[in-house]
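Peer 1: Sequence and predicted structure below; questions after.
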Amino acid sequence: MSIPRIFLFLLLAVYSFTLMVIEWQTSQDFVRQFVTDIGEDKILFYGINTTLSVFLLWATALLFGICLLCVNKIKERKDYLFYLSQVIMFAYLGFDDRFLIHEQIGALLGRNDAYLILGLGLIEIGLLVWLGNLRQKTKAARVFLYSAAVFFAIMVVIDAKFPSQMLLRLSLEDITKLWADICLALFAYEILKQR
């Protein structure tokens, strides 16, 4: 692994540890200011985790958009459809994270919104299997993708099954989301490098 990536993951580990310590030493209500969805409050670093997450999801969409420009739409139809599907998926996920779309739909349907995100995860698996051609991706790209899948699964389990007031629940949910988003951005970057 390169020095910049080692530095990135060390920085992410320090950030993750800091959020958990803040929640452990104070309360879930206090740490919520940093990991909450973006609202109207003017507190320094308010919604920082959501801001980082949205940035990474849209960066992933942008990287796949650049890949989309590098393919021949007719000769490489499968690759074109894959990159297009990824642009749509990650652009939507960024909007969802920023504007609470799945939370609003979950409330409207009277269902746990974590299962709506799980549904999107299953759609993504289908797209990866059908169009992704993962065997021809680099080992690094596959490692980042599988790591993102593990973090995503952990996030969904925490969101769906852990008690809402459990110590460190909020930090762990948002940290695993952020780690998944970083791995997804690195997955897209590795594919762009391969192109």
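Peer 2: Sure, I can see it.

Peer 1: Only C-alpha atoms from now on, for both contacts and neighbour counts.
Peer 2: Fine.

Peer 1: List the buried residues in the lengthiest helix in the chain.
Peer 2: As assigned by DSSP state H, the longest helix anywhere in the chain is helix 169-194. Applying a neighbour-count criterion of 16 or more other CA atoms under 10 Å, one finds 169-192 buried in helix 169-194.

Peer 1: neighbouring contacts of stretch 82-89?
Peer 2: Applying CA atoms under 8 Å, 6 or more residues apart in numbering, the set of residues contacting stretch 82-89 from outside is T60, A61, L62, F64, G65, C67, L68, E124, L127, L128, L131, G132.

Peer 1: rerun that using 6 Å as the cut-off
Peer 2: Contacts of stretch 82-89 with the rest of the structure, by CA atoms under 6 Å, 6 or more residues apart in numbering, involve A61, F64, G65, L68, L131.

Peer 1: distance of the second one from L131?
Peer 2: For F64, the distance to L131 equals 14 Å [CA to CA, to the nearest Å].

Peer 1: about what we covered before: how about CSV for the contacts of stretch 82-89, with distance to I48 and neighbour count added?
Peer 2: Below are these laid out as CSV (distance: CA to CA, whole Å; neighbours: other CA atoms under 10 Å):
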residue, distance to I48, neighbour count
A61, 20, 27
F64, 24, 27
G65, 25, 20
L68, 30, 22
L131, 34, 17
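
Peer 1: Point out the ones among those that are inside helices.
Peer 2: With DSSP H as the criterion, helices contain A61, F64, G65, L68, L131 from among the contacts of stretch 82-89.

Peer 1: right, and the first one touches A91 too?
Peer 2: Yes. Applying CA atoms under 6 Å as the test, A61 and A91 come out as touching, 5.5 Å apart.

Peer 1: Look up how far S171 lies from the nearest residue to D113 once chain neighbours are set aside.
Peer 2: Computed as CA to CA, 6 or more residues apart in numbering, the closest residue to D113 that is not its neighbour in sequence is G106, at 4.5 Å. Distance, G106 to S171, by CA to CA: 22 Å.

Peer 1: Equivalent analysis for T18, please.
Peer 2: Taken as CA to CA, the span from T18 to S171 is 10 Å.

Peer 1: From L120, how far out is A153?
Peer 2: Relative to L120, A153 is positioned 12 Å away (CA to CA).
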